[in-house]
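Q: Sequence and predicted structure are below.
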Amino acid sequence: MAVQLPKEFIERMRELLGEEEFAHFYASYDSPRFAGIRVNTLKIDPEAFKAVVPFDLRPIPWCQTGYYVEEQAKPGKHPYYHAGLYYIQEPSAMAPVELLDVTPGERVLDLCAAPGGKSTQIAAKLRGRGMLVTNDINAERTKALAKNIELYGVRNAVVLGESPERIARAFPSFFDKILIDAPCSGEGMFRKDEDMARHWEPEWVRKYAGMQQEILKSAASMLAPGGRIVYSTCTFAPEENEATIAEFLLEHPEFRVVPLRLDDGIAPGRPEWLTWLAEWGEGKMYPPEIAAQTAGCGRLWPHKVEGEGHFLAVLERHGAEKIQKEAEEDRNVSSKWEGGARDKRNPRHPHRSRPGTGRDSKAVDDREVLESWRTFAQEQLDGAELPGEPLLFGGNVYLSPLAKERLDGLKVVRPGWYVGTVKNGRLTPGQPLATALSPTEAVRVLDLPSSDGGVIRYLKGETLQVDKERIRCREGASPKGYVLVTVDGYSLGWGKWQDGLLKNEYPAGWRWT
Ligand SMILES: C[S@@+](CC[C@H](N)C(=O)[O-])C[C@H]1O[C@@H](n2cnc3c(N)ncnc32)[C@H](O)[C@@H]1O
């Protein structure tokens, strides 16, 4: 066996599954793990992707945009990866967001989100409408989360680095959907990540169960009536799965489990393991109507599906009707602050500020910065959709789906879509502005074919020699200035063209190595 499984883990799984099923389970550690990619529909639809992708794809049953790929295909080493056309994701990890049932326009919270696999999946389902608030408590991990949000061209996300309790204070009954991809003991990942098996300790199960309860409690208070929470883990331990859900239902009678459809190899939850835990003094006996609901949860087993171990639960809060008045008030807040309402008369000039008094010099400075953004948007962006309100944050300009005051006192990593930084009255466009734009939204475009070495040189940060004729300009525009660089029509980043040379604006931290 390639993976060295912990002895206590083996004994426990044998007891839970019984000899016959355990034999299949154990044998699965001898088969290879599965690699997957998920198409980023913010950038390309799956049919178009299938027509251009250079490696073999096989559909993943529980995710319409997910495909198995051979690890040897090295999907991370292709310009399309740098263009954010797909996310490399373990196949089972694609299941939770499919159950969240996200529709465009909703307010969605991803509470334990780094490095952002599921957040980018949610963003694709929102299709740029509504908002995604994505959070992780670990400051280091939020860096990867922010980068992924930016690489995948998300225009309507806020990235936080907060504790769930503090977010809950700021957003009571606010979200339509909440994902909790909980921190867990990770037993389901032992085949994929041998280090997890090596470091696992039996006590983790109890430690994580406590954390999960706290996170669920905060999430419950942030969910609007009629809303949905999807809770997932990548562990087998019933303490972190059926017992966490049973405890939550006991404390929150306003919630119920929405039973999963048991297709695509998804197996049911195991209420009998609650009794097993109670008999071993590791848990309590739950009322039968609560225990029975945990059968409606789902389990992905490595011996039953082509993917790693996962647990899934869909929880719905009773009361389909929204608190209409409160919801309307909330939605209006975003147009009240200093950025002003979106000017509907002129989509090319979308963010007109409220006239100021001229007395407050900070307000004057801020207005000038926002004016630089508006000038840039007018001159360099060709009718681009620019959702949200412009917001100044540490000298940078963001378009935010949330009112500024909503974020007061929270650890904000990105208050919205980073569009640029203003220096001496001129805006330098941000990389996330480029990655989210389509070529039809930019005034100047340089398209590099994926078959051409030029694209790799661009991704490595080199200056390129480019004839004037290769810059596609909007009618009347000069080729001199910021150019959106694309690969086969999919945006990669900025360049600045002048006299036959394209100065490279691709950020150092993103480069091809
Ligand atoms: C399973 S991982 C999330 C993976 C992520 N959802 C994805 O698809 O890429 C769990 C995450 O929870 C974070 N975490 C741990 N405790 C947390 C807490 N109390 N609140 C929020 N996030 C927490 C960890 O830093 C970790 O990044």
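A: Done, it's in.
Q: where in the stretch 251-400 of the chain is pLDDT low?
A: 320-360 (pLDDT under 70).
Q: mind redoing it with 80?
A: 319-365, 394-395 (pLDDT under 80).
Q: One more: the chain?
A: Checking the chain against pLDDT under 80 turns up 1-2, 319-365, 394-395.
Q: ok, the longest strand seen in the chain: who's next to it in the sheet?
A: As assigned by DSSP state E, the longest strand anywhere in the chain is strand 223-233. Applying DSSP bridges to the sheet, strand 223-233 is found paired with strand 175-181 (parallel), strand 310-317 (antiparallel).
Q: Strands along the stretch 251-400 of the chain, start to end?
A: Counting by DSSP state E, counting those that start in this stretch, the stretch 251-400 of the chain has strands at residues 255-257, 267-268, 298-300, 310-317, 389-393, 396-400.
Q: Mean neighbour count added to those strands, as a markdown table?
A: All C-beta atoms are positioned from the backbone trio N, CA, C, and that covers glycine. Converted to a markdown table, these look like this (neighbours: other C-beta atoms under 10 Å):
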| stretch | mean neighbour count |
| --- | --- |
| strand 255-257 | 20 |
| strand 267-268 | 14 |
| strand 298-300 | 24 |
| strand 310-317 | 24 |
| strand 389-393 | 22 |
| strand 396-400 | 24 |
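Q: how about the ones you listed in TSV, adding distance to the ligand?
A: Putting the strands of the stretch 251-400 of the chain into TSV (distance: least, C-beta to the nearest ligand atom, whole Å) gives the following:
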stretch	distance to the ligand
strand 255-257	20
strand 267-268	20
strand 298-300	14
strand 310-317	10
strand 389-393	22
strand 396-400	21
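Q: Now render those strands as JSON lines, adding distance to Ala224.
A: What follows is the strands of the stretch 251-400 of the chain, written out as JSON lines (distance: least, C-beta to C-beta, whole Å):
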{"stretch": "strand 255-257", "distance to Ala224": "13"}
{"stretch": "strand 267-268", "distance to Ala224": "28"}
{"stretch": "strand 298-300", "distance to Ala224": "24"}
{"stretch": "strand 310-317", "distance to Ala224": "8"}
{"stretch": "strand 389-393", "distance to Ala224": "22"}
{"stretch": "strand 396-400", "distance to Ala224": "20"}
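Q: how about the ones you listed, which one is nearest Gly130?
A: strand 396-400 (13.2 Å; C-beta to C-beta).
Q: elements contacting the helix or strand following that closest one?
A: The helix or strand immediately downstream of strand 396-400 is strand 412-414, counting by DSSP states H and E. Strand 412-414 sits against helix 139-151, strand 157-160, with contacts defined as 3 or more C-beta pairs under 8 Å, 6 or more residues apart in numbering; DSSP states H and E.
Q: Residues touching strand 412-414, excluding its own?
A: Identification of contacts with strand 412-414 by C-beta atoms under 8 Å, 6 or more residues apart in numbering yields 142-143, 145-146, 149-150, 157-161, 393, 398.
Q: same thing but 10 Å
A: Residues from elsewhere that reach strand 412-414, judged by C-beta atoms under 10 Å, 6 or more residues apart in numbering: 114, 134-136, 139, 142-143, 145-146, 149-150, 154, 157-162, 393-394, 396, 398, 400, 402, 404, 432.
Q: Buried members of those into ChimeraX, please.
A: Buried residues among these (16 or more other C-beta atoms under 10 Å), as a ChimeraX selection:
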select :114,134,135,136,142,143,145,146,149,150,154,157,158,159,160,161,162,396,398,400,402,404,432
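Q: Would you map the strands across the stretch 401-513 of the chain?
A: According to DSSP E, counting those that start in this stretch, the strands that the stretch 401-513 of the chain contains are 412-414, 417-423, 426-429, 444-448, 464-465, 472-473, 481-487, 490-498, 501-504.
Q: quick one: buried residues of the third one?
A: Spelled out, it's strand 426-429. Residues Leu427, Pro429 are the ones in strand 426-429 that count as buried (16+ other C-beta under 10 Å).
Q: What pairs with it, parallel or antiparallel?
A: strand 417-423 (antiparallel).
Q: So which bits of the stretch 51-200 of the chain are right by the ligand?
A: 93, 111-118, 136-138, 141, 163-164, 181, 183 (C-beta under 6 Å from any ligand atom).
Q: Nearest to Leu100, out of the strands of the stretch 251-400 of the chain?
A: Here strand 310-317 is closest among the strands of the stretch 251-400 of the chain (C-beta to C-beta), at 8.1 Å.
Q: Redo the helices and strands packed on strand 412-414 as TSV? Include distance to Gly36.
A: Below are the helices and strands packed on strand 412-414 laid out as TSV (distance: least, C-beta to C-beta, whole Å):
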stretch	distance to Gly36
helix 139-151	16
strand 157-160	23
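Q: what's the closest of these to Asp488?
A: Of all those, helix 139-151 sits nearest to Asp488, with 17.0 Å by C-beta to C-beta.
Q: Quick check: which helices or strands does the closest one pack against?
A: Packing partners of helix 139-151 (3 or more C-beta pairs under 10 Å, 6 or more residues apart in numbering; DSSP states H and E): helix 117-126, strand 131-135, strand 157-160, strand 412-414, strand 417-423, helix 431-436.
Q: Please repeat the previous calculation with a cut-off of 6 Å.
A: strand 157-160, strand 412-414 (3 or more C-beta pairs under 6 Å, 6 or more residues apart in numbering; DSSP states H and E).
Q: And the residue nearest the centre of this protein?
A: Residue closest to the mean C-alpha point of the chain, counted by C-alpha atoms, centre = their mean, is Ser119 at 1.3 Å.
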